[in-house]
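J.: Dropping the sequence and predicted coords here.
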Protein chains: 2
Amino acid sequence: MKTQQQIMTDYVTAFLDGLVAAGIQKAVISPGSRSTPVSLLIHRDPRIEYYVAVDERSAAFFALGLAKASRTAVLLVCTSGTAAANYYPAICEAKASRVPLVVLTTDRPPELQHVGAPQTMAQDGLFGKQVKSSITLAVAEDSPELLRYSEWQGRQAVKKACQSPAGPVHLNMPLREPLLPNLERRNYPRVEDHLIAQTTVSLTGYQSLFEKKGVVVVGEERTAEEARLLLQVADTLKWPIIGDPLTNLATCGVTSQQHMRQIDGLLSSATFTQLVQPEVILRFGRLPISKNVMLWLKGLPGDVRWLLVDDGQEWLDQLQVATDFLPYTVTESCQAILQLPLKPCADEWLHVWQQEQARLTKLIHTATWPTVLSETSAVYHALEELPAETQVFVSNSNAIRMLDRFIQPSEAVTVWGNRGVNGIDGIVSTAAGIACATNQPTILLTGDLALFHDMNGLQMVQAYQLPLTIVLLNNQGGGIFSFLSQRTLAATDFDPLFATPTHLEFAQVATLYRLAYEKPTSLANYQTRLKEAVTSRRPALIEVQGTFDEPVTIWEDFLRQVQTQGSDR
Amino acid sequence: MKTQQQIMTDYVTAFLDGLVAAGIQKAVISPGSRSTPVSLLIHRDPRIEYYVAVDERSAAFFALGLAKASRTAVLLVCTSGTAAANYYPAICEAKASRVPLVVLTTDRPPELQHVGAPQTMAQDGLFGKQVKSSITLAVAEDSPELLRYSEWQGRQAVKKACQSPAGPVHLNMPLREPLLPNLERRNYPRVEDHLIAQTTVSLTGYQSLFEKKGVVVVGEERTAEEARLLLQVADTLKWPIIGDPLTNLATCGVTSQQHMRQIDGLLSSATFTQLVQPEVILRFGRLPISKNVMLWLKGLPGDVRWLLVDDGQEWLDQLQVATDFLPYTVTESCQAILQLPLKPCADEWLHVWQQEQARLTKLIHTATWPTVLSETSAVYHALEELPAETQVFVSNSNAIRMLDRFIQPSEAVTVWGNRGVNGIDGIVSTAAGIACATNQPTILLTGDLALFHDMNGLQMVQAYQLPLTIVLLNNQGGGIFSFLSQRTLAATDFDPLFATPTHLEFAQVATLYRLAYEKPTSLANYQTRLKEAVTSRRPALIEVQGTFDEPVTIWEDFLRQVQTQGSDR
């Protein structure tokens, strides 16, 4: 007869075997008592690499970063009670940005539910609509059926999380005392790789469309491989291609004449937008970040054909205009287009775009701001002369917009962000997860509020000595609001609700978390310090003193020039 | 014809009028764009006092503290997206500990839902079973019906949150642009107080039970008034009364001979537990924290009568043994008992308890540990010579257990904790909320992991210069596990998963958040510093250097003495 301890050990072991068989390689564990069997068995399992994070909110964003960068599902493990609720922000982001997470919350057994037992709350279905699936597992029993069940639940959770559209999956595991498992196990079955059959897609039915005047519009995070393929498609079609920093069109190592950068400025000129009337829009996923792209697309006439590519088949179309739905991956659809025997559209179509692009690039190059240290110039120069494979994470609010507006073709780096729900939470931890998974120098461009919000994430950076360089754009509070209608408010209304400075000395934050700290006073100094920090691979914080108005002033000056000179043409 | 701005302004104004009419006086706002109309109209509203917190997780725990201490519902306001998900841990705690919160998440309008619009996720029903009610409001329109609706939704949310069992209520408000409201309003209708009729309860049917040998067992947070009433009932019945630090039986200003302190030690002796066999148990709410109380109650014979008092009528009974259910408040049921013409049980019943209590008190007084600075002695002496009305917040894990085990009758202070789900999250922010609502000197007794988990809460302490003294019991990680089965593990298994020290210098945390900092080296020094800090009413951090083993060693020595001498008797 098996002991209770052995029954529990076998049950959890079978579950872990299932997870591993389906592809789990990394876990993030938060300390706790109820989760003891799971965390100890993972600790002893050579097949799973694990990290420990005390703050479950950071843990979950760290797992998000790991999963993004390693492109596999990552396991989260926590104890019972509010611990699990701290995962929620990252789960919402993972759902929206389709990142596979297997969230394992441990729980007290059924007999302790709904009777007022301590550290017990309704964990079943805790994450509502924000997970793809939520299951409360059976309690361990001594039967072959339950071992099969446990192993199967582990497998299917990973498969569900990874299946397109990928996302978070929740398993709630009730565990009875004793909580210490038997740690004697020695043999760990190997993981079997199962290849998924490749789909071959044909788009011959669309051939005539691809010979018209079109624009490729790309949204969401894209890998360098995907970006290069997308650029190749644009090149073949002789269409301009539009993205944002996360689509990595500018940073995939290929400099493309088709790629329209500074697109927010480009499409700010009414003279120009009237010139460019496409017949076809080929869209990949959600819209890029630029508001002017959205407004331009929204204003296009009703007879434009819109092809929307989404292998997740969620058909998220903010404009609600798509006419054709292509349920394929970026790779599948690009390869299908490249195989068509096309007669691409006339060169003039692209030339109009390229001329305007050249004009804007010149405007930037003749401006004075790129030579002075400021928030904007710090972002503008952040991507220069980086080691190959550097990772760049841009926080929401100002950082990603400034990069989008002034990005230049760059070395092969990879740009990341949390643009599923665009929160300013979990930014440090997500970037830390990316640094950890890639083991490459990683730059985080962030404002002071986002850094404050996730300061606990610095604990992971310190504990695992991650190669993360944080470029802090310190505009003392909610600088993003200087771009929004709120800035028309009187200071007495604006300051308490929107400026909200934290009054923290970030040099002291660096001391606390043992980050190398620099506060450069000139642009040259900033560029040197940034390069040193990135090359050193040691955790570092570089503080750039910003002002509330500078990003707006630079941007509005730029727009004025775009529009004035544009109308002169 | 009203402008869109005016329609939105009137709609939100009506909603706020409803909230105020039903009793909202305080709000905690987190900065954001979508919430602009609500936050600006609150900012201008003289009837609502508001606080700003950048980190929504801290914001929600701060609101929890405000609501606990002010005994009214508190409003939370945030923008759309993951911001709202950060509220979740505090919402779970509020649900379990029955604290009224009105959670207002603002949202994008329906036409931007499910189409991939940025910063948009399914906020409807976001908090699942953890809220009493969840409503997505209608979009503002220009009609008297919708103004009535909006005002009514404000009212009913507060009423629902406050109705027993009190708890969190969620409202999700979609808002269209423009987001700047009209700020011209000048007249604010007064709040009308509606008194709720008092229920008169009769317990004559139970008279004979109250004349038997009984024990009063009190759980959950109780006010000083409730504690004094409970002691009076015990005094009248000649029954011993058992609670924990949060029930405030030891700290309500009345020194009671009926109140059994050090109950975890008292009931650790098998000799003693065999002596005391009650016929009746009168229970108020959940069980107190002591594990030995739980085990003793669990082992009582089946013919004991169990009266369970719960006006929330959730009948949470971890032991599943209650025989009689009294759906009344503490005050109602105590007053009903005090009105019975009772012939209380014989003195002998109480004497047995009192003798053992005296023996334990003597054991403590002759021990050496109360004279040496340690985690245990720091907690033991923390409640001495405090200014009247001092508030004491005890974190979970070690702090509350040490206080429970060695608590002495004290001045009138109020002890608080988050014992709904016992998380180590949100501790600093909740204590800050209590300091803010009471405006009284407040002591927080916490370990280093809980302090780390909610370090962002220190921002509120600094910003509002709250009279909070943090006593940090720094045992470098998960000291609680030294009391649990996990400590039998080898160090190679234990350290990475359960010790989990943060390696932070808390003196630097104090610098960062501008807290006065002390690290006393002797008990006398600690006592002086603590008194100074409390009296100064300035934010302060007092670090007590603990060790992993000390709390366990002291406690086990004590238990050995209790049992040895007990069996000699």
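T.: That came in fine, so what should we check first? Keep in mind the model is a prediction, meaning the values are calculated, not measured.
J.: which residues does the residue of the stretch 101-250 of chain A found nearest chain B contact?
T.: Relative to chain B, the nearest point of the stretch 101-250 of chain A is residue A:116 (2.7 Å; CB to the nearest CB). Bear in mind the C-beta positions are built from the backbone N, C-alpha and C, glycine included. Taking CB atoms under 8 Å, 6 or more residues apart in numbering or on different chains, we find residue A:116 in contact with B:285-287, B:314, B:316-318.
J.: Buried among those residues? Need that as a selection in ChimeraX.
T.: Buried residues among the contacts of residue A:116 (16 or more other CB atoms under 10 Å in any protein chain shown), as a ChimeraX selection:
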select /B:285,286,287,316,317,318
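J.: Quick check: closest non-adjacent residue to the residue in the stretch 301-450 of chain A that chain B sits nearest to.
T.: Taking CB to the nearest CB, chain B has its nearest neighbour within the stretch 301-450 of chain A at residue A:316, 2.7 Å off. Nearest residue to residue A:316, sequence neighbours excluded (CB to CB, 6 or more residues apart in numbering or on different chains): residue B:116, at 2.7 Å.
J.: Helix, strand, or coil at that neighbour?
T.: coil (DSSP: H, G, I helix; E, B strand; the rest coil).
J.: now it: how far from residue A:96?
T.: 9 Å (CB to CB, to the nearest Å).
J.: quick one: the residue lying closest to residue A:212 once chain neighbours are set aside from residue A:214, how far?
T.: Once flanking residues are discounted, residue A:212 sits nearest to residue A:279: 4.1 Å by CB to CB, 6+ apart. Going from residue A:279 to residue A:214 by CB to CB gives 7 Å.
J.: Same check on residue A:428?
T.: In terms of CB to CB, residue A:428 sits 40 Å off from residue A:214.
J.: who has more neighbours, the two?
T.: residue A:428 (31 against 25; other CB atoms under 10 Å in any protein chain shown).
J.: Contacts only, for the closest residue to that one other than its chain neighbours.
T.: Sequence neighbours aside, residue A:457 is the residue nearest to residue A:428 in space, at 3.3 Å (criterion: CB to CB, 6+ apart). By CB under 8 Å, 6+ apart, residue A:457 lies in contact with A:58, A:61-62, A:426-432.
J.: what about residue A:411, how many neighbours?
T.: 15.
J.: Show me which positions of stretch A:319-339 end up buried.
T.: Buried residues in stretch A:319-339, counted by 16+ other CB under 10 Å: A:319, A:322, A:326-337.
J.: Kindly report the same for stretch A:133-151.
T.: So stretch A:133-151, judged by 16+ other CB under 10 Å, has buried residues A:134-137, A:139-140, A:146-147, A:149-151.
J.: Other residues contacting stretch A:339-346?
T.: So stretch A:339-346 is contacted by A:203-204, A:207, A:210-214, A:236-239 (CB under 8 Å, 6+ apart).
J.: For residue A:465, which residues are in contact?
T.: Each residue near residue A:465 by CB under 8 Å, 6+ apart is listed here: A:538-539.
J.: Check residue A:380 too.
T.: Counting by CB under 8 Å, 6+ apart, residue A:380 has contacts A:370, A:402, A:406, A:408.
J.: Could I get the pLDDT score of it?
T.: Residue A:380 carries a pLDDT value of 95.
J.: ok, now residue A:155?
T.: For residue A:155, pLDDT reads 94.
J.: secondary structure class for it?
T.: Residue A:155 - assigned by three-state DSSP - is helix.
J.: okay, now it: neighbour count?
T.: 19.
J.: do residue A:533 as well
T.: 25.
J.: correct me, but it touches residue A:516?
T.: Yes - shown here, residue A:533 and residue A:516 form a contact pair, counting by CB atoms under 8 Å, at 6.5 Å.
J.: intersection of neighbour lists for these two?
T.: Common neighbours of residue A:533 and residue A:516 (CB under 8 Å, 6+ apart) are residue A:540.
J.: what about the residue of the stretch 301-450 of chain A closest to chain B, distance to residue B:120?
T.: 10 Å.
J.: Check residue A:41 too.
T.: In terms of CB to CB, residue A:41 sits 39 Å off from residue B:120.
J.: neighbour-wise, which of those two wins?
T.: Shown here are residue A:41 and residue B:120; by other CB under 10 Å, residue B:120 has more neighbours (23 against 20).
J.: Leaving out chain neighbours, which residue sits closest to the more buried one?
T.: residue B:108 (4.9 Å).
J.: same question, residue A:46
T.: Per CB to CB, 6+ apart, closest to residue A:46 is residue A:188, 6.1 Å.
J.: can I assume the one you found is in contact with residue A:47?
T.: Yes - with contact defined as CB under 8 Å, residue A:188 and residue A:47 form a contacting pair (5.6 Å).
J.: Save the buried residues of stretch A:319-339 as JSON lines, and put in distance to residue B:479, secondary structure and pLDDT too.
T.: Formatted as JSON lines, the buried residues of stretch A:319-339 follow (distance: CB to CB, whole Å; DSSP: H, G, I helix; E, B strand; the rest coil; pLDDT from 0 to 100):
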{"residue": "A:319", "distance to residue B:479": "56", "secondary structure": "coil", "pLDDT": "92"}
{"residue": "A:322", "distance to residue B:479": "57", "secondary structure": "coil", "pLDDT": "93"}
{"residue": "A:326", "distance to residue B:479": "57", "secondary structure": "strand", "pLDDT": "95"}
{"residue": "A:327", "distance to residue B:479": "54", "secondary structure": "coil", "pLDDT": "94"}
{"residue": "A:328", "distance to residue B:479": "54", "secondary structure": "coil", "pLDDT": "95"}
{"residue": "A:329", "distance to residue B:479": "50", "secondary structure": "coil", "pLDDT": "95"}
{"residue": "A:330", "distance to residue B:479": "50", "secondary structure": "helix", "pLDDT": "96"}
{"residue": "A:331", "distance to residue B:479": "52", "secondary structure": "helix", "pLDDT": "96"}
{"residue": "A:332", "distance to residue B:479": "54", "secondary structure": "helix", "pLDDT": "95"}
{"residue": "A:333", "distance to residue B:479": "56", "secondary structure": "helix", "pLDDT": "96"}
{"residue": "A:334", "distance to residue B:479": "56", "secondary structure": "helix", "pLDDT": "97"}
{"residue": "A:335", "distance to residue B:479": "58", "secondary structure": "helix", "pLDDT": "96"}
{"residue": "A:336", "distance to residue B:479": "60", "secondary structure": "helix", "pLDDT": "97"}
{"residue": "A:337", "distance to residue B:479": "61", "secondary structure": "helix", "pLDDT": "97"}
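J.: Cool, thanks, talk later.
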